[in-house]
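[1] My questions concern the predicted model and sequence given below.
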Amino acid sequence: MRNANVNRILACFAVIVLPLAVRAENWPQWRGPDNNGISHEKGIPAKWDEKTNIAWRLPIPKGNAGSTPVIWGDKIFLTCVDGKDLVVLCVKTDGSILWKKQAGTAVKSVYMGGEGNDAGASPSTDGKHLIVFFGSGELSCFDMDGNHVWEKNIQKEYGKFSIQHGMHNTPLLHQDRLYLVLLTNSGHWVIALDKATGKEIWKHPRPSDAEGESREAYSSPILWTTGKDTCLVVHGCDYTTGHSLKDGAELWRLTGINPGSSNKRNHRLISTPVASSEELVVPTARGLEMRAIKPGGKGEIPIGSPFQLWRNMKGAPDVASPLIYEGILYLSRDDQFHCWDALTGKEFYTVRRHADKGRSSPIAVDGKVITNARDGTFWVIKAGPKYDLLAENQLDDNFTASPAVSGGRLYLRGFKSLYAIADKGK
């Protein structure tokens, strides 16, 4: 009888604990589980510093890498430049290093006066495959234990990169395919590979009449799902385009996003669009135009098209990607933070912050928006149309990688260390 009671108690305990375990969410790619910068987890603290709410801090190879760590289960993966080596680190969620593998040799130690290095693209994983891409052109697939599955050099296969500040766009892993976008002065291509083998499934040209530096782009491909339809969105070289997942064919093209005149030849696009089921929000660069379109467009979508939801002539972040959370659009610029209505573009507020560079893309978790500057200052803002600063936090490092959330923790990748942030450091 006693054993039966014990079993009943254990069964009840399992019912209580299981929902908590289910809520532990992987962060499998740069912009999180839904590729939009949103985590569905709870309990992430609003305040932290070097002594408060730190679960652990792990020194990593020093370097100006901007790649975001990705998390699957109890494993964290990140890419680094270690001396001249391009390496992949697998870190357990207790802060210990499980394995470290070399994936190539760096071409250049730093870009743009310390803005980044050849570990700028973030890894992606589906729990079986780990995909990493480096500025040297090395594209590799590992299993979760660090064994090579396949590797290829994209420059050798598709042509030498010609891009001023290096290749930093992150390939998109979706179902059985890996989507890769090459937008450099040496050519414009959208490519689908078999994730299991690395073999090409299709390659589609992505024509552009852009000139000068405007022919180069640093944004990453995303998916836009509306109803039963999903397309691949490619942003850069004076256009934003939607492509068929089946064969890469161009479905629609947003035009008129280069302002012309003095910016015509240097309107390089870095910030990546953000999608919801209702709209696609398209940033340009240098604080200039933002535009939103609704689903259903075919062919060219010019300025003033019926598929244009709104157009604002100012506000675009230069590097950080936009965030849509609970109907509100958040834009992180170097010295400003904007909050707009996502469906109308109407401004709710703009706040000025200190003028250090803002390179990381904001994320949303548990009713909070987290944004930061390169110097280690993090702002935690209550989500909503009114500005409500919950905390301003400081860490002793530089940060250009975007935050990641998994298992009740916030992971922050700096130039010197990887931080795990948790309530009461647990």
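    Now that the structure is in, tell me what you want to look at. From a predicted model like this one, the values you see are computed outputs, not experimental measurements. Residues are numbered from 1 along each chain as shown.
[2] List phi and psi for the closest residue to G256 other than its chain neighbours.
    Spatial nearest neighbour of G256, chain neighbours left out: I303 (4.3 Å); criterion: C-beta to C-beta, 6 or more residues apart in numbering. Bear in mind the C-beta positions are built from the backbone N, C-alpha and C, glycine included. I303 adopts backbone torsions of phi -60, psi 130, taken as degrees, to the nearest 10.
[3] so who does I303 touch?
    T255, G256, R311 (C-beta atoms under 8 Å, 6 or more residues apart in numbering).
[4] S262 should be in a helix, yeah?
    Yes. Looking at S262 with DSSP: H, G, I helix; E, B strand; the rest coil, it is inside a helix.
[5] Distance of it relative to Q164?
    S262 is 18 Å from Q164, where distance means C-beta to C-beta, to the nearest Å.
[6] Compare the two and say which is more crowded by neighbours.
    Q164 (13 against 8; other C-beta atoms under 10 Å).
[7] Tell me the strands beside the strand or helix carrying A391, with direction?
    Element membership of A391 [criterion: DSSP states H and E] is strand 389-394. Looking at strand 389-394 with DSSP bridges, its partner strands are strand 377-382 (antiparallel).
[8] Give me the distance between the partner strand and the centre of its chain.
    Offset of strand 377-382 from its chain centre (C-alpha atoms, centre = their mean, to the nearest Å): 18 Å.
[9] Buried residues, that strand. List them.
    Buried residues in strand 377-382, counted by 16 or more other C-beta atoms under 10 Å: T377, F378, W379, V380, I381.
[10] returning to what we had before: after the strand holding A391 comes which helix or strand?
    strand 404-406.
[11] Can you tell me the strand partners of that next one and which way each runs?
    Sheet pairing of strand 404-406 (DSSP bridges) gives strand 409-413 (antiparallel).
[12] how far does the partner strand sit from the chain's center?
    Worked out by C-alpha atoms, centre = their mean, strand 409-413 lies 14 Å from the chain centre.
[13] neighbour-wise, which of the contacts of I303 leads?
    Using other C-beta under 10 Å as the neighbour test, the contacts of I303 are led by G256, with 18 neighbours.
[14] three-state assignment of that one?
    coil.
[15] Read off the pLDDT value for it.
    pLDDT recorded at G256 is 96.
[16] Surely it and P302 touch.
    Yes. Taking contacts as C-beta atoms under 8 Å, G256 lies within contact range of P302: 5.7 Å.
[17] mind showing which ranges of the stretch 1-150 of the chain have poor pLDDT?
    The stretch 1-150 of the chain contains residues with pLDDT under 70 at 1-23.
[18] and what of the stretch 201-350 of the chain?
    Judged by pLDDT under 70, no stretch of the stretch 201-350 of the chain qualifies at all.
[19] which residue ranges form the helices in the stretch 101-250 of the chain?
    Secondary structure of the stretch 101-250 of the chain (DSSP state H, counting those that start in this stretch): helices located at 154-158.
[20] so who does the closest residue to S140 other than its chain neighbours touch?
    Spatial nearest neighbour of S140, chain neighbours left out: E151 (4.2 Å); criterion: C-beta to C-beta, 6+ apart. Each residue near E151 by C-beta under 8 Å, 6+ apart is listed here: A103, E138, L139, S140, C141, G198.
[21] In three-state terms, label the spatially closest residue to Y387 that is not a sequence neighbour for me.
    Among residues not flanking Y387 along the chain, Y349 sits closest, at 4.8 Å (C-beta to C-beta, 6+ apart). Of the three states, Y349 takes strand under three-state DSSP.
[22] and Y349, how many neighbours?
    Neighbours of Y349 under the rule other C-beta under 10 Å: 11.
[23] Test my guess that it contacts G384.
    No. Using C-beta under 8 Å as the test, Y349 is too far from G384 to be in contact (10.0 Å).
[24] Is H243 bridged to anything, and to what?
    L232, E250.
[25] What separation is there between it and L139?
    20 Å.
[26] Ok, V88 next?
    Counting by C-beta to C-beta, the gap from V88 to L139 is 12 Å.
[27] Name the residues contacting each of these two.
    Residues within reach of V88 and of L139 at once, by C-beta under 8 Å, 6+ apart, are V132.
[28] ok, the two, which is more surrounded?
    L139 (24 against 21).
[29] Let me know whether the more buried one touches G198 as I believe.
    Yes. At 7.1 Å, L139 and G198 qualify as touching, with contact defined as C-beta under 8 Å.
[30] Overlap of the contact sets of these two?
    Contacts common to L139 and G198, judged by C-beta under 8 Å, 6+ apart, are E151, K152.
[31] so where do the strands sit in the stretch 151-300 of the chain?
    Per DSSP state E, counting those that start in this stretch, the stretch 151-300 of the chain carries strands over the ranges 172-174, 177-184, 187-194, 200-205, 222-226, 229-236, 239-243, 250-254, 274-275, 280-283, 290-293, 299-301.
[32] do the stretch 1-150 of the chain as well
    Going by DSSP E, counting those that start in this stretch, the stretch 1-150 of the chain shows strands at 38-39, 54-59, 70-72, 75-82, 85-92, 97-105, 124-125, 130-133, 138-142, 148-153.
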